[in-house]
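Engineer: A structural model of the following input is requested.
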Amino acid sequence: MEGRLGIIGAGSMAEALLKGMLSCKLFSSGDVFVINRKNDERLNFFRENYSVNTTRDYKELLNGCRTIIIAVKPKDMGELLSHIREYVTRNHIIISVAAGIDTGFIENRLGKGVQVVRAMPNTSCQVKESATAIARGRYTGDEAIKVAEEIFSSVGKVVIVEEQALDAVTGLSGSGPAYVYLMLEALTEAGIKAGLVREISEQLAIQTVFGAAKMALESGEAPVHLRRKVTSPGGTTMAGINTLQQMGFTASIMEAVRNAAERSRQMMMENSR
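Structural biologist: Down below sits the predicted model:
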């Protein structure tokens, strides 16, 4: 990818994205500049481990880089935008991964008709298996969307959605890894109660979920069809499925996604004040 990349923020998300981009050779380390507000230790870590450039000068970053990834906490976004506003131009591509901050918030504070892309990755980007949705802002062209798509494809799968769909994305794939981890905890504890030692139970639980996800991904079959294939009438799986449905398993998952999406909408309203 041509040009230089600036990353504002030096947390785990910034690091995961950087690793993915460098491994896919989207950018060379010499063309990446990283800045954060005050954590010298993290900047030193990035410089020593990834050979990227680090700075504390927003003017240097914006003047030298066309594509900018903003990976800061939502509560810090307003202050950050006030710092970089005078250096941003219409030529910049601003990509934000801050939850609960819409493109309008960024556009209004930066002005100038700047191109903004909003992205919702999840924590699995750390192992290059993120499910990421991206949405364009009011002034964002196709080139900017392509740049964002290439960046997030380096850490997993990417879909393009309208911005109003990102609350649903947050509830499903943004928060989804936590739902899966909770299920893994439950499967592990259930295996222990059934007579397995913890290490064996945990290994079986993790591999079972991994294998099922891989099967769904690679077979191309709908999950409902895959479930029916392993659920013989009167068999052990049917007994387990019946118990899950009687205890509201499907309904609870659907309600979890709904509540998480609603909280995302609430955060958007809170951050826009």
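Engineer: just the strands from the stretch 151-273 of the chain, written as ranges.
Structural biologist: Taking DSSP state E, counting those that start in this stretch as the criterion, the stretch 151-273 of the chain carries its strands at 156-160.
Engineer: and the residue of the chain most remote from its centre, backbone torsions?
Structural biologist: Each residue of the chain has a distance to the centre, and by Cα atoms, centre = their mean the biggest one is for residue 234: 40.7 Å. Backbone torsions of residue 234, given as degrees, to the nearest 10, read phi 80, psi 0.
Engineer: in contact with it, which residues?
Structural biologist: When contacts are counted by Cβ atoms under 8 Å, 6 or more residues apart in numbering, residue 234 is found next to no other residue. No exception for glycine: its C-beta is placed from N, CA and C like everyone else's.
Engineer: just residue 62 next, same as before
Structural biologist: 6, 68, 84, 87-88, 92.
Engineer: export the helix or strand that contains it as PDB, just CAs?
Structural biologist: Here residue 62, judged by DSSP states H and E, is contained in helix 58-64. Taking C-alpha atoms only, helix 58-64 is exported to PDB below (Å, rounded to 0.1, in the frame of the first residue of the first chain):
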ATOM      1  CA  TYR A  58       0.700  15.500  16.000                       C
ATOM      2  CA  LYS A  59       1.800  17.900  13.300                       C
ATOM      3  CA  GLU A  60       4.600  15.600  12.200                       C
ATOM      4  CA  LEU A  61       2.300  12.600  12.200                       C
ATOM      5  CA  LEU A  62      -0.500  14.300  10.100                       C
ATOM      6  CA  ASN A  63       1.900  16.100   7.700                       C
ATOM      7  CA  GLY A  64       3.800  12.900   7.000                       C
END
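Engineer: can you report how many residues lie near the closest residue to residue 173 other than its chain neighbours?
Structural biologist: In space, residue 173 comes closest to residue 131 once its chain neighbours are excluded; the distance is 4.0 Å by Cβ to Cβ, 6 or more residues apart in numbering. Here the count is done by other Cβ atoms under 10 Å, and residue 131 has 20 residues near it.
Engineer: residue 131 and residue 180 touch, don't they?
Structural biologist: No. Judged on Cβ atoms under 8 Å, residue 131 makes no contact with residue 180 at a distance of 11.4 Å.
Engineer: check the offset of stretch 141-148 from the chain's centre.
Structural biologist: In terms of Cα atoms, centre = their mean, to the nearest Å, the gap separating the centre of stretch 141-148 from the centre of its chain is 18 Å.
Engineer: now do the buried residues in that stretch.
Structural biologist: Taking 16 or more other Cβ atoms under 10 Å as the neighbour-count basis, stretch 141-148 is seen to contain the buried residues 144-145, 147-148.
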